[in-house]
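In: Just the structure for this:
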Amino acid sequence: MVSLQSRVARPPAAEPVPVNAPLFRRLVASLSEERRLVVLDLGAARAETVALLTPFRCRLEIADLADGLAGLDAEADFNGLRDRAEDLLPPARREPVDIVFCWDLLNYLQRPALTALAERIAARMRPGGFAHALIVYSGTTMPARPSQFGPLCDGRLVELPTTEARRNAPRYTPEDLGKCLKGFRSESAMLLRNGMQEFLFRA
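Out: Below you'll find the model as predicted:
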């Protein structure tokens, strides 16, 4: 059973785009119906994600960070960054988080904000838990605001762009992410056909 609280997701601004994401598929295949899980979704609530997790003993927490990323980046003081990052996340509970769905959101943060957010998420994680992320790697531009993502029944993801406008992509390397995502280490990485690099990070 999935428990969920969130805002209504925005409709897509462009045609949905299927994304073959083998590491996401591997992560989902590892889920057990016997073990209770806590999943933190940094994106907007999607019916596809709820449907995917419904067969499992799971609590789904929705952060819906897209609208708060610019404010997080604007904070100059690192202690202030930590506080802002914590405020963007759902209230912390005693039960640690097993899985984090980052989608493409990490591309929209500068390094200090990325470090602060990763630190606050890592503090909630169960040791050995996973974070999944999609990083713009070969392309020089990306949508001006984060897309929404949902899992398809065949194991792929669908990307639902929320704007047709574009902005420059930071194109974080694995080395950049290793320095910024404190509390995590890269478990697997794979370059996708759409130019994104898919990552699984382990807490």
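In: Just give me how far the helix or strand harbouring residue 177 sits from the chain centre.
Out: Using DSSP states H and E, residue 177 falls within helix 174-180. Remark: helix 174-180 is offset 16 Å from the chain centroid, using Cα atoms, centre = their mean, to the nearest Å.
In: Let's see the pLDDT reported for residue 9.
Out: pLDDT, residue 9: 55.
In: Next, the residue nearest to the spatial centre of the chain: secondary structure please.
Out: Taking Cα atoms, centre = their mean, the centroid of the chain lies closest to residue 102, which sits 0.6 Å from it. Three-state call for residue 102 (DSSP: H, G, I helix; E, B strand; the rest coil): strand.
In: Next up, the contacts around it.
Out: 42, 131-134 (Cβ atoms under 8 Å, 6 or more residues apart in numbering). (Each C-beta comes from the backbone N, C-alpha and C, glycine too.)
In: Among those, which are located in strands?
Out: Counting by DSSP state E, the contacts of residue 102 place 131-134 in strands.
In: Looking at those residues, spot the one nearest residue 96.
Out: residue 131 (13.0 Å; Cβ to Cβ).
In: my guess is the closest one meets residue 100, correct?
Out: Yes: with contact defined as Cβ atoms under 8 Å, residue 131 reaches residue 100; the gap is 4.0 Å.
In: lowest-confidence helix or strand of the protein?
Out: Ranked by mean pLDDT, DSSP states H and E, the weakest helix or strand in the chain is strand 2-3, scoring a mean of 53.
In: How about the residue nearest to the centre of the chain, nearest residue that isn't a chain neighbour?
Out: Distances taken as Cβ to Cβ, 6 or more residues apart in numbering place residue 133 nearest to residue 102, at 3.9 Å, with adjacent residues excluded.
In: Which pLDDT does the model give that neighbour?
Out: For residue 133, the predicted pLDDT is 98.
In: doesn't residue 190 make contact with it?
Out: No: Residue 133 lies out of contact with residue 190 (Cβ under 8 Å); the separation is 11.7 Å.
In: These two - which one has more neighbours?
Out: Taking neighbours as other Cβ atoms under 10 Å, residue 133 and residue 190 compare with residue 133 leading, 27 against 14.
In: residues contacting that one?
Out: Residue 133 touches 102-106, 198-199, 201, counting by Cβ under 8 Å, 6+ apart.
In: Make JSON lines out of the contacts of residue 102 and add distance to residue 181.
Out: Listed next are these as JSON lines, based on distance: Cβ to Cβ, whole Å:
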{"residue": "42", "distance to residue 181": "13"}
{"residue": "131", "distance to residue 181": "8"}
{"residue": "132", "distance to residue 181": "12"}
{"residue": "133", "distance to residue 181": "9"}
{"residue": "134", "distance to residue 181": "14"}
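In: filter those to the buried ones?
Out: Among those, the ones that count as buried by 16 or more other Cβ atoms under 10 Å are 42, 131-134.
In: most distant residue from the middle of the chain?
Out: residue 34 (24.6 Å).
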